[in-house]
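**Q** Return a 3D structure for these sequence lines:
(chains A and B, ligands or ions: 5)
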Amino acid sequence: MSEEVKAPKKEKIPRQKMPEQPANVRRHNFEEVPNGYTPELAMKEAERCIQCKDPRCRQGCPVEVEIPAFIAKIKEGDFEGAIRKIWEKNALPAVCGRVCPQEVQCEGMCIMGKKDAPVAIGNLERFAADQQRKHGRDILPPKAAPTGKKVAVVGSGPSGLTVAGDLILKGHDVTVFEALHLPGGVLIYGIPEFRLPKEIVASECHYLERLGGKIEVNSVIGRSETVDELLEHFDVVYLGVGAGLPVFLKIPGEHFIGVYSANEYLTRSNLMKAYDFPNYDTPIVKGKNVATFGGGNVAMDSARTALRLGAEHSYIIYRRSRDELPARGAEVHHAEEEGVEFLFLSNPLRFLGDDATGRLTGVECLKMELGEPDASGRRRPVPIPGSEFQVKIDTAVIAIGAGSNPLLTKSTPGLDLNKWGYIVADPKTGKTMKPRVWAGGDIVTGSATVILAMGAGRLASNSIHDYLTMGW
Amino acid sequence: MFEIVERQEMAQGTIISNWIKAPKIAAKAKPGQFVILRANDKGERIPLTMADSDPAKGLINIIYMVVGKSTALFKTLQVGQFYQDVIGPLGQPTHLDKVGKVICVGGGTGIAVMHPIARGLKQAGNFVYSVIGSRSKDLLIMEERMKAASDELMICTDDGTYGHHGFVTDKLRETLEKHKDIALAVCIGPVPMMKFCCKVTKEFGVKTLVSLNPIMVDGTGMCGCCRVKIGGQMKFACVDGPEFDGHQVDWDELNLRLRSYLVEEKVSYDQFKAGHGSGKCSCGS
Ligand SMILES: Cc1cc2nc3c(=O)[nH]c(=O)nc-3n(C[C@H](O)[C@H](O)[C@H](O)COP(=O)(O)OP(=O)(O)OC[C@H]3O[C@@H](n4cnc5c(N)ncnc54)[C@H](O)[C@@H]3O)c2cc1C
Ligand SMILES: Cc1cc2nc3c(=O)[nH]c(=O)nc-3n(C[C@H](O)[C@H](O)[C@H](O)COP(=O)(O)OP(=O)(O)OC[C@H]3O[C@@H](n4cnc5c(N)ncnc54)[C@H](O)[C@@H]3O)c2cc1C
Ligand code: SF4
Ligand code: SF4
Ligand code: FES
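**A** Residues are numbered from 1 along each chain as shown, chains lettered A, B, ... in the order given. Ligands and ions are numbered 1, 2, ... in the order given. The predicted structure is shown next:
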């Protein structure tokens, strides 16, 4: 009996891995890579959270999701309670759970990470959202009485959707204008199906419509209507148009057939479903040897898309080294597992092509070495003279960043733009220099993250609500 | 959904005209601008210039040549049926300034694109010479509408079945020789036609506008697919154009890039021709 007196030492639970498709299978399909937690796995993982009194994880989350509180609900098996807790701060948890760079945000701060692996906050958030979508009751949050105020939201990316969702609940009449034929912004045209199923994005947008919001697709503001025209029949306008301008390498040969901006490559594959050509009408060059230039999430998505389109070799050509890759850790890991080949410390000089057919045949690069740290603290790559080398490729995807698309800003007098063409807005409220116009997300900050775009949307919606109800 | 309210086959069914209900676009459309259309959920985004618009009735007019899968699919759409998506107006409108005498040259479906520009230039008070051409008489479109839009209309056919026997460049050269005071040329048609027209106008030092038709996806400057080289600079035809100074265009590059998907286009069109009408078609119409 003596053994029973002593409380059994609590067994340490390891971080629960999410089941996923094996790398050799998934590199040939567009289905989602991780399958998600089962309720059992989720409850087990939830047990790992020690419910800190002053939770550091929450400080790491840009929208301050009540992390311990929702995890406690999962632990109890109250999944609806968990999603309600998350919804208080985050309207797109199924998305954030999948695409947030958790290792530098919530999970990066988790106390468990000090000695062991951090609690899998992202996976749990995703679980709660998926559980609700698939098995939950059809619950809609309470809505305030109509205020009679009209809000136009331009752009249906995460920042626009957040503003719209918040303001609908506060009783305002919201219309979202989207240039493309489907809403969702980068979530629908950029991030691939295997990382974020489009059914989820569609369901989030549908949720907005069920709340009573209107989404007008095929509306290119600046062309279909200008912001000033919108201001004639809306009380305020929110600009969440993203950073949709492709950046090219500006090296010779970029006109060759097979050279794509990442925006074009991913839009063809995701939005237009070119991976299912000719079942869908939009074609894409399905290269055997594909090189992607860049090192962020966009580059990982492009290189992994190339594999799924049938590439034998999918290279990532990056100026710096592995340590400097700005992509989410999970994406780099998945890319490596799937067989993406990394050429680090390499800089493209020119594309080579066949002048008769116009097709791309290769790229010439220069080797680099890491020198002194630059302003960003990262060691600056410096070229090694005479180290030119060529790679045989038939497709190139340029994923070195995005710029500010001038289509809307140029047609909107009175906005203040910075030297890169991004809209200047008050970081606390999202107010622009133009009366009754707010802005946020990538069009203010430059390319950032989903959750930061949503955070900016949240601040702006609070400020807009104050303005609409109290006049400031 | 955008309803087709009027439909006409031209040039022996190779060219189709649709009037489409799109009141918001019609209210804004200006000469030189285009729309992007998608027939159904699986469809490609196809750019077509607006050949005309009627803001009072809320209608826009597109005129397109059947060249591949998507335009063949469009051709199957009848009055009372719908395009799923119509987006626009896109692109920069033509500057319709009064410059004096102008010459407008249109070839093939380029005539449709040219028509509102010629009309606009005339309304702005210019004297408009127009030259339109096609391979043969049966394929010539919009003769009446172009006559109304011009002060003087010249017609050319490659095979001599109607009007001048020869290319539009012949009449262009002749007119420029006769009227040294022509201040502007607008040339719209197939790439080779525009290229050769520009050669001629360059000899005469006459400023020349052309309308470029590179392959597009979004039409909002987001993807860079439509990039063209103008005076050595990369421009996006969907937002910076589609009209550019013809003497600055890198025609060879445009020609190459238009061939990007020759193989895929054939696969798609062949599948369509085999399936459509046999009842086994996946195009949804
Ligand atoms: C391939 C890719 C992968 C990424 N991966 C991640 C990731 O893993 N994690 C992460 O956190 N972030 C990721 N990001 C970044 C993230 O997606 C963006 O920071 C975020 O989407 C920005 O949101 P937004 O609402 O500001 O703009 P966007 O999502 O860009 O949406 C803007 C919307 O406005 C529309 N629009 C533009 N102009 C007009 C106009 N004139 N009229 C009407 N509508 C207009 C656009 O069509 C678009 O739908 C990724 C980005 C890309 C491109
Ligand atoms: C701004 C603009 C205005 C245009 N206006 C007209 C017009 O008024 N009337 C008209 O008949 N045609 C016009 N075109 C051309 C028209 O868009 C193409 O003929 C059409 O896309 C062909 O599609 P398809 O599937 O039938 O043929 P496909 O077999 O796909 O292609 C045939 C050829 O058309 C071109 N093409 C293919 N896809 C595209 C695309 N997405 N965008 C542009 N070109 C493509 C290629 O050169 C290709 O080789 C215009 C193009 C542009 C860019
Ligand atoms: S929103 Fe993102 S950062 Fe915040 S808790 Fe969820 S996954 Fe973490
Ligand atoms: S820091 Fe980690 S352990 Fe602490 S509450 Fe947050 S998730 Fe739980
Ligand atoms: S069509 Fe995409 S940038 Fe012009």
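**Q** Let me see the ranges of the helices in the stretch 151-300 of chain A.
**A** Under the criterion DSSP state H, counting those that start in this stretch, the stretch 151-300 of chain A contains helices at A:158-169, A:186-189, A:198-211, A:227-233, A:262-266, A:297-308.
**Q** Going by contacts, tell me the helices and strands next to the fifth one.
**A** Identification of packing neighbours for helix A:262-266 by 3 or more Cβ pairs under 8 Å, 6 or more residues apart in numbering or on different chains; DSSP states H and E yields strand A:245-246, helix A:297-308, strand A:395-398. Placement of C-beta: from N, CA and C, glycine included.
**Q** Could I get the average pLDDT for that helix?
**A** If you average the pLDDT over helix A:262-266, you get 97.
**Q** Over to the second one?
**A** Model confidence over helix A:186-189, given as mean pLDDT, is 96.
**Q** list the buried ones in that helix?
**A** For helix A:186-189, a neighbour-count test (16 or more other Cβ atoms under 10 Å in any protein chain shown) marks A:186-189 as buried.
**Q** cool, and the longest one?
**A** Applying a neighbour-count criterion of 16+ other Cβ under 10 Å, the buried positions in helix A:198-211 are A:198, A:200-201, A:204-205, A:207-208.
**Q** how about stretch A:164-173, does it get close to ligand 1?
**A** No: between stretch A:164-173 and ligand 1, judged by Cβ under 6 Å from any ligand atom, nothing touches; the nearest distance is 10.8 Å.
**Q** How far away from the center of its chain is that stretch?
**A** With Cα atoms, centre = their mean, to the nearest Å as the basis, stretch A:164-173 stands 23 Å off its chain's centre.
**Q** same thing with stretch A:360-368?
**A** Relative to its chain's centre, stretch A:360-368 lies at 29 Å (Cα atoms, centre = their mean).
**Q** Which residues outside that stretch are in contact with it?
**A** Stretch A:360-368 is contacted from outside by A:253, A:256-259, A:291, A:317, A:319-320, A:343, A:345-354, A:381-384, A:387-396, using Cβ atoms under 8 Å, 6 or more residues apart in numbering or on different chains.
**Q** Can you flag the buried ones in those?
**A** Looks like the contacts of stretch A:360-368 have A:253, A:256-259, A:291, A:317, A:319-320, A:345-353, A:381, A:383, A:391, A:393-396 buried, using 16+ other Cβ under 10 Å.
**Q** per the record, what domains does the chain have?
**A** Because you didn't say which chain, this covers chain A. As recorded under automatic domain parsing, the domains making up chain A are A:23-135, A:150-244+A:403-470, A:248-398.
**Q** other chain: chain B
**A** Domain assignment for chain B, taken from automatic domain parsing, gives B:2-91, B:101-258.
**Q** List just the one of those domains that sits closest to A:Cys96.
**A** With distances scored as Cβ to Cβ, the stretch of the domains of chain B nearest to A:Cys96 is domain B:101-258 (23.7 Å).
**Q** Run the contact check for that closest one versus ligand 2.
**A** Yes: using Cβ under 6 Å from any ligand atom, domain B:101-258 reaches ligand 2 at B:109, B:112-113, B:213-216, B:242, B:258.
**Q** Could you point out which of those residues is nearest to ligand 1?
**A** Ligand 1 lies nearest to B:Met216 out of the residues of domain B:101-258 next to ligand 2, by Cβ to the nearest ligand atom, at 14.7 Å.
**Q** Apart from its neighbours in sequence, what residue is nearest the residue in the stretch 201-350 of chain A that ligand 1 sits nearest to?
**A** With Cβ to the nearest ligand atom, the shortest gap between the stretch 201-350 of chain A and ligand 1 falls at A:Gly242, namely 2.1 Å. Excluding its sequence neighbours, the residue lying closest to A:Gly242 (Cβ to Cβ, 6 or more residues apart in numbering or on different chains) is A:Asp442, at 4.6 Å.
**Q** residues near that neighbour, how many?
**A** Residues lying near A:Asp442 (other Cβ atoms under 10 Å in any protein chain shown) number 28.
**Q** Also A:Arg380?
**A** 15.
**Q** what's the host helix or strand of it packed up against?
**A** According to DSSP states H and E, A:Arg380 maps onto strand A:379-383. Packing partners of strand A:379-383 (3+ Cβ pairs under 8 Å, 6+ apart): strand A:360-373.
**Q** can you give me the angle the strand it packs on makes with strand A:379-383?
**A** For strand A:360-373 against strand A:379-383, the angle by axes from the mean of the first three to the mean of the last three Cα atoms, to 10 degrees is 130 degrees.
**Q** Name every sheet partner of strand A:360-373 and say whether each one runs parallel or antiparallel.
**A** Strand A:360-373 sits in its sheet next to strand A:346-353 (antiparallel), strand A:379-383 (antiparallel), strand A:389-392 (antiparallel), going by DSSP bridges.
**Q** would you turn those into JSON lines with distance to ligand 4 and mean pLDDT?
**A** As requested, the strands paired with strand A:360-373 are exported to JSON lines (distance: least, Cβ to the nearest ligand atom, whole Å; pLDDT from 0 to 100):
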{"stretch": "strand A:346-353", "distance to ligand 4": "39", "mean pLDDT": "96"}
{"stretch": "strand A:379-383", "distance to ligand 4": "32", "mean pLDDT": "88"}
{"stretch": "strand A:389-392", "distance to ligand 4": "44", "mean pLDDT": "96"}
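**Q** Point out the residues in the stretch 151-285 of chain B that sit beside chain A.
**A** B:217-225, B:227, B:229, B:234, B:239, B:253, B:256-257, B:259-261, B:264-265, B:267-268, B:271, B:282 (Cβ under 8 Å from any Cβ of the partner chain).
**Q** Those residues in strands, which ones?
**A** B:227, B:229, B:234 (DSSP state E).
**Q** Who wins on neighbours among those?
**A** B:Arg227 (24 neighbours).
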